[in-house]
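Enquirer: The following block contains a protein sequence and its predicted model.
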Amino acid sequence: MVARRKNVIISVFSTTPGVGKTLTSINLSAGLAYDGYKVCLLDLDLQFGDVMNYLRLNSDRTIARAQRVFKNFSSTFNIRDFLVRYSYKQLNFYILPAPRLVHDSYQIEVATVMQFVDKYLQDFDFIVLDLNPMFSSLNLAMLDLSTLITYVGTIDFLPALKNFKVGYDALIRFEYEEQKIRLIENRAGSQKVIKSEDVERLLGGTFYHRLPNDFISANKSIEEGVPLMFSSPTSELSKSFLELASRYTNKYTIEPVREIEQQTSKGFFSRTLDALFG
Amino acid sequence: MVRQVILIEGEQRNFENIIPALKNSLDFEIAAVYRTAYAALGQSRMFNPDLFLIDVEDAENINIISEFVELYRDSMIIGLLDFWDSEKNLSCIEAGAAGCILKTFKLEEIRKSLELYKLRGKNSPSRIISFFSPKGRAGRTTTASILALTIAEKSGERVALIDADLQFGDMAVFFDIEPEHTLIEVSQDIKLLNPLTFDPYFYKLRENVSLLAAPNKPEYAELVEVKSLVEIVHLACALFRYVLIDLPIGFNPVTIGMYDLAEINIVMTMMNKISDIHHMRRAIEMFQTLDRVKQLYTCFTRVEPCNDDERLKIQRELGYPVTDILPNGYHINSIINRGKLLKGLPKDSVLVRKIEQIADDLIQNRR
């Protein structure tokens, strides 16, 4: 019998750094929580994660400590002991923070994170994964597990665009279904030289969603440590994030019967990596 | 011009090979042949030699090179090797030789090698400079590219750019070029290469600036082992006086391996949010846990206003010396977007001027 998953896993990924993955992860999580769902956000940019920084949170709870307890005291392990609750007004969502020491990020094992996501966080309706911009074995395992891959890019700088395409092509080559990948353009309309339509032609895919360019609101949200819906509720960017969240939830509520099959097998690249490098 | 050559070689077989090769040429003339360097040291003065070819498989001979350099200031000194050995090559360069060649003795190869070593620049060890950043968009590639062009222009010496950001290196896009070779082929062939056969793998950006591009597909990255990357950099040192290495983001075997290798490690972060300082501090702490003590050159980018007060402010916040601050590079970005980086740098740009200062410091050994 194939195990069935009730919750939705959304990874926020990009192969271009600095395109707003963390901002997207946080505001997507906030938007989903706002819609009434139980949401857990995992900061999987293990070395230099920014989720806690952006939300002005500080805690000793980290994925590194969770793993330590998980491996040593698995019978009493409860992942809730390592989650940090983000709370603002009526809104709540949970975070599994990145390690505090860069050195600890080396200790995190892919298998552990897979178990956390796959098994221990099942109570959450949505699990949002903030990934770092690389094809690492962790990221590939997470992409394999994901229901949706939110692939974020900005198209204001040619080299960044090249990496956006290279990464997208790679995802297709690694046999991720195109429907699973949601292309998101961030800072849309920030410049005139490179056009979205040209980028779509180049990619051979269309943008699922566009987040408008609003540097001021984005920075204000980070400065104040609150999601955009509270720091700049009327901004187009905030609205756009809520819209993105509701597009994801609509998808979820319209087709609740078609539960997503758990992928027990690994994706192509992840397999290749394992074969080559153990 | 006919070059007067002194050959120092202990093995009969070898000089039976080299003498005919040089004898048949119009531009070389063998002035004298010695079996030991000691014998050659004083006696060669009689011949006004232009070129010494010294067997350096004999370790004794390496030790005496500096005396030749002292006595024969206008002569070129080249070590002879049975097999390529970057370590021996480095020892020779440290002693003041121009480099080493293999004892293959094809006239064309000797000529080409001498040309390359002349182009390389000063007969002293290469300066290896790495560009690290905890997170992306810090300006590593922009800074490395401009610095490479600037150093080459100012020093007249030869500069290599190695794009070791293996998954997502975009230096080729920065320069709007399509290189024939990447690090993939080089890392596969490295065991068989010597400076002469290695040189064509580079893409010549300018007369004295060359690029070794990153693989063009991210999945190829795993095919480049750190071990071969180290050998590649060592070999590049035979051809280039400056080797600039662009790294992937964060800590991984590549960044740590190159940190070990580089003389100058520039750690870069953009200055946008307070958490950027936090990341810089955590990166420095991580470097300090690696047991090799090395000075780090910290560089914050997109700093506005880009003045010393601001630098000191960041430094106080960071709790560690801030070496450089660089301003926003909108102008440069638009030049890169138009694929015109090689058409000449805008000399009025503050970013370029600041990078020129770094180049001066490096050229004059102030860092």
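Expert: In hand now; what should we look at?

Enquirer: Which residues are in contact with the closest residue to B:Leu166 other than its chain neighbours?
Expert: Nearest non-adjacent residue to B:Leu166, counting by C-beta to C-beta, 6 or more residues apart in numbering or on different chains: B:Ala221, 3.5 Å away. The C-beta positions use only the backbone N, C-alpha and C, and glycine is treated the same way. B:Ala221 makes contact with A:135, B:166-167, B:214-215, according to C-beta atoms under 8 Å, 6 or more residues apart in numbering or on different chains.

Enquirer: how about residue 223, what does it touch?
Expert: Since no chain was named, I'll use chain A. B:Lys273 are the contacts of A:Glu223 under C-beta under 8 Å, 6+ apart.

Enquirer: wait, chain B
Expert: B:184, B:187-188, B:215.

Enquirer: how much space between B:Arg241 and B:Arg120?
Expert: 6 Å (C-beta to C-beta, to the nearest Å).

Enquirer: Please enumerate the shared neighbours of those two.
Expert: By C-beta under 8 Å, 6+ apart, the residues touching both B:Arg241 and B:Arg120 are B:157-158.

Enquirer: pLDDT below threshold where in chain A?
Expert: Chain A contains residues with pLDDT under 70 at A:1-4, A:251-278.

Enquirer: For the stretch 151-278 of chain A, which residue gets nearest to chain B?
Expert: Residue of the stretch 151-278 of chain A nearest chain B, by C-beta to the nearest C-beta: A:Pro159 (3.9 Å).

Enquirer: Likewise for chain A?
Expert: Closest approach between chain A and chain B, counting by C-beta to the nearest C-beta: A:Pro17, at 1.9 Å.

Enquirer: For burial, what's the neighbour tally of that residue?
Expert: A:Pro17 is flanked by 21 other residues according to other C-beta atoms under 10 Å in any protein chain shown.

Enquirer: Can you name the residue of the stretch 51-200 of chain B nearest to chain A?
Expert: For the stretch 51-200 of chain B, C-beta to the nearest C-beta, closest residue to chain A: B:Gly136, 1.9 Å.

Enquirer: For the residue of chain A closest to chain B, which non-adjacent residue is closest in space?
Expert: The nearest residue in space to A:Pro17 (C-beta to C-beta, 6+ apart) is B:Gly136, at 1.9 Å.

Enquirer: The helix or strand bottoming out on mean pLDDT in chain B - contacts with which helices or strands?
Expert: Lowest on mean pLDDT, DSSP states H and E among the helices and strands of chain B sits helix B:12-23, with a mean of 79. For helix B:12-23, the packing partners by 3 or more C-beta pairs under 8 Å, 6 or more residues apart in numbering or on different chains; DSSP states H and E come out as strand B:3-8, strand B:28-34, helix B:107-120.

Enquirer: what angle do that helix and strand B:3-8 make?
Expert: With axes from the mean of the first three to the mean of the last three C-alpha atoms, to 10 degrees defining the directions, helix B:12-23 sits at 180 degrees from strand B:3-8.

Enquirer: Output helix B:12-23 as CSV, nothing but the C-alphas.
Expert: The C-alpha trace of helix B:12-23 is given here as CSV (Å, rounded to 0.1, in the frame of the first residue of the first chain):
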residue,chain,number,x,y,z
GLN,B,12,74.8,12.1,-20.8
ARG,B,13,71.6,10.9,-22.5
ASN,B,14,69.8,14.2,-21.9
PHE,B,15,72.4,16.4,-23.4
GLU,B,16,72.8,14.1,-26.3
ASN,B,17,69.1,15.0,-27.0
ILE,B,18,69.2,18.7,-26.3
ILE,B,19,72.3,19.6,-28.1
PRO,B,20,71.2,18.7,-31.6
ALA,B,21,67.8,20.4,-31.0
LEU,B,22,69.4,23.7,-30.1
LYS,B,23,72.2,23.3,-32.7
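
Enquirer: which residues sit in contact with the residue nearest to A:Pro17?
Expert: Contacts of B:Gly136 (C-beta under 8 Å, 6+ apart): A:16-18, A:133, B:249.
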